[in-house]
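Asker: 3D, please:
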Amino acid sequence: MRRHAEAERFPDAEPGALLRAQWLRDAAVRLEASVDARLVRRALELGLAFLDDHADRILARAGDDRILAHARLLAPEDVRPGKDGGDDAFTIAPPDGPEGAADDVALELAGLSTALVAADKSSLAERLVSHYAGEAEDFSLYGVLGFHETVAALRSGVERLARAEANERTAAVSAVERTLHALAEARRPPAAPAVIALSGAIASGKSTLALGLADALGLPRTVADRIRDHLVHGVPGRPVHEAGWAEGHEPGFGPKVYAELLARGEAVLGSGRGIVLDAGFPTPRERAAARALARRFGVPFRFVACRVDRDTQLERLAARDDTNGSPGEWRRLAEAYAERYVEPEELPAQERIEVDTTRGEERALRDLLDALEGSGLPLAL
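Answerer: Here you go, the predicted structure:
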């Protein structure tokens, strides 16, 4: 995250991915020189077809400032332990050498995820991508990830071939073929695609539970409060609960946030994955929009209402007030939000789930996973 946040960018540059067709052809020729490369040809066909069909996705990412001045193909060995914990627990330290060309940040991420897939760790690859997407508010990367992973597999294979001795070339090519096969056949999300929307009163444990659920299922989570902050300040920052959006913002700001929330969900669902939506969904209008999103993609919809007893909620609100130095502010927001909230009785019973978070996040997560399965939602492919 820090590497990408601090990197020089080219928002107006033509993305390197649009110029990569010739590189793909060169890569295929070099691999074909020593092996029957049916899988390589297939990867080449897929890559070029993507460029033909989805150039708009890549250009849109250039306009969204997702192009680095010097993108590299990262490998797991480039991720090193940091000196301190917290945000610096790991650092990206690419080896010395020439910088890459201007390219999408998704290429760097694809290098790491491709290595994990090749090591039969697809679930870990999904978690890596989902965490990055959430932290960077970069959900459109799901629309280009498959293409970048194919490029990363070919590029790393060509680089390995260039270093290989004559007696190592067959093994090097076989490794490329296995990786391409894994990307084409075994690269599946760990959970069946669905739209899971979490709602609840302030301090009901909604966001904590949404985070735990997303991590458990390897799904990306998009958060309304983070989108609000991103729209206001341009970069993710400290969340501000939607109960306070009306204060200091123009009319219609709330619907704009929800539109962005669903747009992020659409980008993820288009890649064949599910999404966890973390927002208040206080009225039937917001819930209907989330349900319609699921129906457009033909995937199940589940609405999770988080419950908490009054004493526990008050304790949590007081803790927030102490942290933010605003006595009584969170309780005021909670009461105002409760007055706006309409119970989700309009939704079919099978799509509604209630979870009590009073007994802690671990118990709540177990209860939610059990309830999702009990509702007929397959949690694994």
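
Asker: so which residues of the chain form strands?
Answerer: Counting by DSSP state E, the segments of the chain that form strands are 67-68, 79-81, 90-92, 103-104, 195-200, 221-223, 275-278, 301-307, 352-356.

Asker: could you export those as a markdown table, including mean neighbour count?
Answerer: Quick note: C-beta positions are derived from backbone N, CA and C, even for glycine. Formatted as a markdown table, those follow (neighbours: other Cβ atoms under 10 Å):
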| stretch | mean neighbour count |
| --- | --- |
| strand 67-68 | 26 |
| strand 79-81 | 11 |
| strand 90-92 | 13 |
| strand 103-104 | 26 |
| strand 195-200 | 26 |
| strand 221-223 | 25 |
| strand 275-278 | 28 |
| strand 301-307 | 21 |
| strand 352-356 | 19 |
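
Asker: mean pLDDT lowest for which of those strands?
Answerer: Per-stretch mean pLDDT for the strands of the chain is lowest at strand 90-92 (a mean of 68).

Asker: re the thing from before, among the strands of the chain, which comes closest to Ile58?
Answerer: Nearest of these to Ile58, taken as Cβ to Cβ: strand 103-104 at 7.0 Å.

Asker: quick revisit: distance to Glu362 added to the strands of the chain, as JSON lines?
Answerer: What follows is the strands of the chain, written out as JSON lines (distance: least, Cβ to Cβ, whole Å):
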{"stretch": "strand 67-68", "distance to Glu362": "39"}
{"stretch": "strand 79-81", "distance to Glu362": "27"}
{"stretch": "strand 90-92", "distance to Glu362": "25"}
{"stretch": "strand 103-104", "distance to Glu362": "38"}
{"stretch": "strand 195-200", "distance to Glu362": "16"}
{"stretch": "strand 221-223", "distance to Glu362": "18"}
{"stretch": "strand 275-278", "distance to Glu362": "18"}
{"stretch": "strand 301-307", "distance to Glu362": "15"}
{"stretch": "strand 352-356", "distance to Glu362": "12"}
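
Asker: relative to Asp56, which of those is closest?
Answerer: Ranking the strands of the chain by proximity to Asp56 (Cβ to Cβ) places strand 103-104 first, at 13.8 Å.

Asker: from the contact counts, what lies against that closest one?
Answerer: Under the contact criterion of 3 or more Cβ pairs under 8 Å, 6 or more residues apart in numbering; DSSP states H and E, strand 103-104 touches strand 67-68.

Asker: burial count for Ala162?
Answerer: 9 (other Cβ atoms under 10 Å).

Asker: for Ala133, see how far away it is.
Answerer: Ala162 sits 32 Å away from Ala133, going by Cβ to Cβ, to the nearest Å.

Asker: kindly report the same for Leu317.
Answerer: Distance of Leu317 to Ala133, given as Cβ to Cβ: 30 Å.

Asker: repeat for Pro378
Answerer: 23 Å.

Asker: and the two? Which one has more around it.
Answerer: Ala133 (23 against 12).

Asker: who's in contact with that one?
Answerer: By Cβ atoms under 8 Å, 6 or more residues apart in numbering, Ala133 lies in contact with Phe139, Leu141, Tyr142, Pro220, Val268.

Asker: how confident was the prediction at it?
Answerer: Reported pLDDT at Ala133 in the predicted model: 92.

Asker: same check on Asp12?
Answerer: pLDDT, Asp12: 61.

Asker: number of residues surrounding Thr208?
Answerer: By other Cβ under 10 Å, the burial measure for Thr208, its neighbour count, is 17.

Asker: right, and it touches Val355 too?
Answerer: No - with contacts counted by Cβ atoms under 8 Å, Thr208 stays clear of Val355, the gap being 11.3 Å.

Asker: give me the contacts around stretch 333-353.
Answerer: So stretch 333-353 is contacted by 199, 201-203, 241-244, 280-284, 287-288, 291, 300-305, 313, 317, 368, 371-372, 375-376 (Cβ under 8 Å, 6+ apart).

Asker: for Glu126, which non-adjacent residue is spatially closest?
Answerer: Gly218 (4.0 Å; Cβ to Cβ, 6 or more residues apart in numbering).

Asker: where's the one you found relative to Arg295, distance?
Answerer: Taken as Cβ to Cβ, the span from Gly218 to Arg295 is 23 Å.

Asker: so these two - more neighbours on which side?
Answerer: Taking other Cβ under 10 Å, Gly218 and Arg295 do not tie; Gly218 has more neighbours (21 against 11).

Asker: list the contacts of the more buried one.
Answerer: Gly218 neighbours (Cβ under 8 Å, 6+ apart): Ser123, Glu126, Arg127, Ser130, Pro189, Pro190, Ala191.

Asker: next, count neighbours for the closest residue in space to Glu373 that isn't next to it in sequence.
Answerer: Nearest non-adjacent residue to Glu373, counting by Cβ to Cβ, 6+ apart: Leu379, 5.8 Å away. Neighbourhood size, Leu379 [other Cβ under 10 Å]: 14.

Asker: you'd agree Leu379 is up against Leu372?
Answerer: Yes - counting by Cβ under 8 Å, Leu379 does reach Leu372; the two are 6.2 Å apart.

Asker: which among the strands of the chain is found nearest to Glu168?
Answerer: strand 79-81 (25.5 Å).

Asker: what lines up beside that closest one in the sheet?
Answerer: strand 90-92 (antiparallel) (DSSP bridges).

Asker: ends of stretch 333-350, what's the gap?
Answerer: 31 Å (Cα to Cα, to the nearest Å).

Asker: state the mean pLDDT of that stretch.
Answerer: 92.

Asker: show me where pLDDT drops low in the stretch 1-150 of the chain?
Answerer: Within the stretch 1-150 of the chain, the segments meeting pLDDT under 70 span 10-40, 82-90, 92-101.
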